[in-house]
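Enquirer: Any chance you could fold what I've pasted below:
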Amino acid sequence: MDLISIVGILLSFGSILGGQILEGGHISSLFQPTAFLIVVGGTLGAVMLQSPVAVFFSAIRMSIWVFFPPTLSPEVFISQIASWGQIARKEGLLALEAQIELLDDVFARKGLQLLVDGAEPERLREVLEVEISSYETQMKLSARVWESAGGYSPTIGILGAVMGLIHVMENLSDPAKLGSGIAVAFVATIYGVGAANLIFLPVAKKLLASISRLVALREMYVDGLVGIANGDNPRLIESRMLGYIA
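Expert: Reported below is the predicted structural model:
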């Protein structure tokens with residue numbers, strides 16, 4: 001679990017609510033179902049309109065990475081590839097075929113299979129880098145759904161504020177209704193700006209950072225396989241791969 005994400009959320013919302021209390025305000029005044037419906041519903045609808053179904057649901061699934069980021073074990077990869085390099089030098093590339101079935105990751109299996117099949121080093125790199133590029137593009141599309149939500153949310157908050165003011169103007173003759181309209185107007189703006197800057201944009205940045213680490217891990221893996229294909233010394237391969245996590 002990523003504890004810093006939990007601390008960040010608690011600190012940001014706690015600071016806002018604490019500031020409201022210190023200013024003498026009531027926390028209950030920040031809870032307006034109408035404003036919440038306008039901002040959250042409007043933002044969700046706008047994001048769904050711009051996103052393909054697969055990308056939208058992928059973005060929802062990826063949100064768990066904020067608290068449970070994907071497990072990365074570059075040291076394990078480095079050790080594994082160094083051992084493959086030793087095997088390849090002693091017994092040849094075909095001796096690595098038994099290792100393919102032991103891999104769970106589809107990308108890793110494909111790379112090792114190409115190596116065993118005797119693909120030229122540059123061809124091996126070319127094929128796998130195309131896969132990496134496609135993978136990175138798809139993952140970033142999902143992460144940017146949250147980034148888009150951070151762009152729409154403040155504007156929809158302003159829309160909610162305008163709607164609240166329209167309600168106020170329509171009921172100038174009835175003072176009892178003015179308070180609720182003004183509350184919706186201001187709270188909708190708070191919801192829109194707050195959701196963008198405390199939730200949507202930070203989530204997008206966190207996901208993009210995780211994607212960058214995943215891509216770097218794959219690039220490191222490709223570099224290791226190309227080193228084996230070139231017949232490089234396993235210690236040299238290991239040293240070069242360690243540069244990715246320095």
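Enquirer: Only C-alpha atoms from now on, for both contacts and neighbour counts.
Expert: Will do.
Enquirer: Return the helix or strand in this protein with minimum mean pLDDT.
Expert: Using mean pLDDT, DSSP states H and E, the weakest-scoring helix or strand in the chain turns out to be helix 178-195, at a mean of 80.
Enquirer: What distance do you get for the closest residue in space to Gly151 that isn't next to it in sequence to Trp146?
Expert: Nearest-residue entry for Gly151: Ala196, 6.9 Å, with adjacent residues in sequence omitted and distances by Cα to Cα, 6 or more residues apart in numbering. Counting by Cα to Cα, to the nearest Å, the separation of Ala196 from Trp146 is 9 Å.
Enquirer: Going along the chain from the least confident helix or strand of the chain, find the next helix or strand for me.
Expert: helix 201-229 (DSSP states H and E).
Enquirer: which helices and strands sit right next to the next helix or strand after that next one?
Expert: Next helix or strand after helix 201-229 toward the C-terminus (DSSP H and E): helix 234-242. The helices and strands touching helix 234-242, judged by 3 or more Cα pairs under 8 Å, 6 or more residues apart in numbering; DSSP states H and E, are helix 74-91, helix 201-229.
Enquirer: Report the angle between the last one and helix 234-242.
Expert: The reference is to helix 201-229. Helix 201-229 runs at 160 degrees relative to helix 234-242, counting by axes from the mean of the first three to the mean of the last three Cα atoms, to 10 degrees.
Enquirer: buried set for helix 201-229?
Expert: Judged by neighbour count (16 or more other Cα atoms under 10 Å), helix 201-229 contains these buried residues: 201-208, 210-211, 213-229.
Enquirer: how distant is it from the center of its chain?
Expert: Relative to its parent chain, helix 201-229 has a centroid offset of 13 Å by Cα atoms, centre = their mean, to the nearest Å.
Enquirer: How about stretch 11-29?
Expert: Offset of stretch 11-29 from its chain centre (Cα atoms, centre = their mean): 29 Å.
Enquirer: Where does the residue lying farthest from the centre of the chain fall, secondary structure wise?
Expert: For the chain, the residue at maximal distance from the C-alpha centroid (Cα atoms, centre = their mean) is Ser173, at 49.7 Å. Using DSSP H and E, Ser173 sits in no helix or strand.
Enquirer: Give me the residues contacting stretch 198-216.
Expert: 9, 12, 62-63, 65-66, 69-70, 72, 132, 136, 139-140, 143-147, 149-150, 244 (Cα atoms under 8 Å, 6 or more residues apart in numbering).
Enquirer: Then stretch 147-160?
Expert: When contacts are defined by Cα under 8 Å, 6+ apart, stretch 147-160 is touched by residues 35, 38-40, 42-44, 46-47, 184-185, 188-193, 195-197, 199-201, 203-205.
Enquirer: What subset of these is buried?
Expert: Buried among these (16+ other Cα under 10 Å): 35, 38-40, 42-43, 46-47, 184-185, 188-193, 195-197, 199-201, 203-205.
Enquirer: Would you mind listing where the chain has pLDDT under the threshold?
Expert: Scanning the chain for pLDDT under 70 picks out the ranges 174-181, 183-184, 246.
Enquirer: Residue ranges of each domain in it, please.
Expert: 1-31, 32-246 (automatic domain parsing).
Enquirer: Buried deepest among those domains, which one?
Expert: Neighbour counts (mean count of other Cα atoms under 10 Å) averaged over each of these peak at domain 32-246, with a mean of 18.
Enquirer: All good on my end, thank you.
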